[in-house]
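> this is the structure alone, sequence omitted:
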């Protein structure tokens, strides 16, 4: 099935304004990095640099990133400026065995050749290094609030994009990884500003009909008059390790 493509150069400004790192996912990544001495981390699909900057700020290690979108890279600010380069997951511009952790957050469904990307991650990881793919399972897609509740049409659109978790595990094993285990994270919060949704700073909102989007925005606006809207952000993490030599 052909996956829809996104013009992330066009979306870069709204992503830079609205997107923020999930604190629970951030904590898992920091905990994994803490298991290595002098850790070096590589972020695949770093976008505007939110996670790279947050991990750098808490001292998780030296964080480097790549992203194929030049305009996304132009939004990068702070200490990670100059540490995020334009490149694709399938062809990393780094030497073998450079990194302790290679991670991506909500990116894998955009990667065209996932086995090639997993093979590249394996190559640039040190022996004993860890690959972390943060994604959404089908169950996660159904539980996202407000996306799945207010824009239910996004669920089917996302099913066409996101690979099954078992497939990701198998692809990691094909690349040479071992122990491709699964971990779940559920972040809860409260929504008080719907501008990120109105500005379509979530790519799934670009995949649904205009009338469905308008209806979801109207429902959000109406419910927000009653107070903050609870949010659920479930994620599934596929954590795989490169064997020790």
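Sure, I can see it. Remember, predicted model here, so these are calculated numbers, not experimental data.
> buried residues in the host helix or strand of residue 156, which are they?
Using DSSP states H and E, residue 156 maps to helix 153-159. The neighbour-count check on helix 153-159 (16 or more other C-beta atoms under 10 Å) flags 153, 154, 155, 157, 158 as buried. Quick note: C-beta positions are derived from backbone N, CA and C, even for glycine.
> of the residues you listed, closest to residue 224?
residue 154 (18.8 Å; C-beta to C-beta).
> the closest one and residue 147 touch, don't they?
Yes. Using C-beta atoms under 8 Å, residue 154 is in contact with residue 147, at 5.4 Å.
> tell me, what's touching the two both at once?
Common contacts of residue 154 and residue 147, defined by C-beta atoms under 8 Å, 6 or more residues apart in numbering, comprise 204, 205.
> what about residue 137, neighbour count?
20 (other C-beta atoms under 10 Å).
> what's it in contact with, if anything?
Residue 137 neighbours (C-beta under 8 Å, 6+ apart): 162, 164, 165, 236.
> hmm, 7 Å instead?
Applying C-beta atoms under 7 Å, 6 or more residues apart in numbering to residue 137 gives the contacts 165, 236.
> per-residue pLDDT, it?
Residue 137 carries a pLDDT value of 97.
> residue 77 now?
At residue 77, pLDDT is 70.
> that one and residue 34, how far apart?
Per C-beta to C-beta, to the nearest Å, residue 77 is found 25 Å from residue 34.
> equivalent analysis for residue 149, please.
When distance is defined by C-beta to C-beta, residue 149 is 35 Å away from residue 34.
> ok, residue 217 next?
41 Å.
> which regions of the chain lie under the pLDDT threshold?
In the predicted model, the chain carries pLDDT under 70 at residues 1-20, 78-79, 81-82.
> again, 90 this time
Counting by pLDDT under 90, the chain shows low-confidence ranges at 1-21, 46-50, 53, 68-86, 179, 199, 201-203, 245.
> how about the strands in it?
For the chain, the strands defined by DSSP state E cover 40-44, 62-67, 84-86, 99-105, 125-135, 178-191, 229-241.
> out of the ones you listed, flag the one nearest residue 23.
Of all the strands of the chain, strand 178-191 comes closest under C-beta to C-beta, at 6.8 Å.
> just list what the helix ranked longest in the chain packs against, helices and strands only.
Looking across the chain with DSSP state H, the single longest helix is helix 210-224. Applying 3 or more C-beta pairs under 7 Å, 6 or more residues apart in numbering; DSSP states H and E, one finds that helix 210-224 contacts helix 147-150, helix 195-198.
> tell me which of the ones you listed sits most buried.
Ranked by mean neighbour count, the helices and strands packed on helix 210-224 are led by helix 147-150 with a mean of 20 (mean count of other C-beta atoms under 10 Å).
> out of the helices and strands packed on helix 210-224, which gets nearest to residue 63?
helix 195-198 (24.2 Å).
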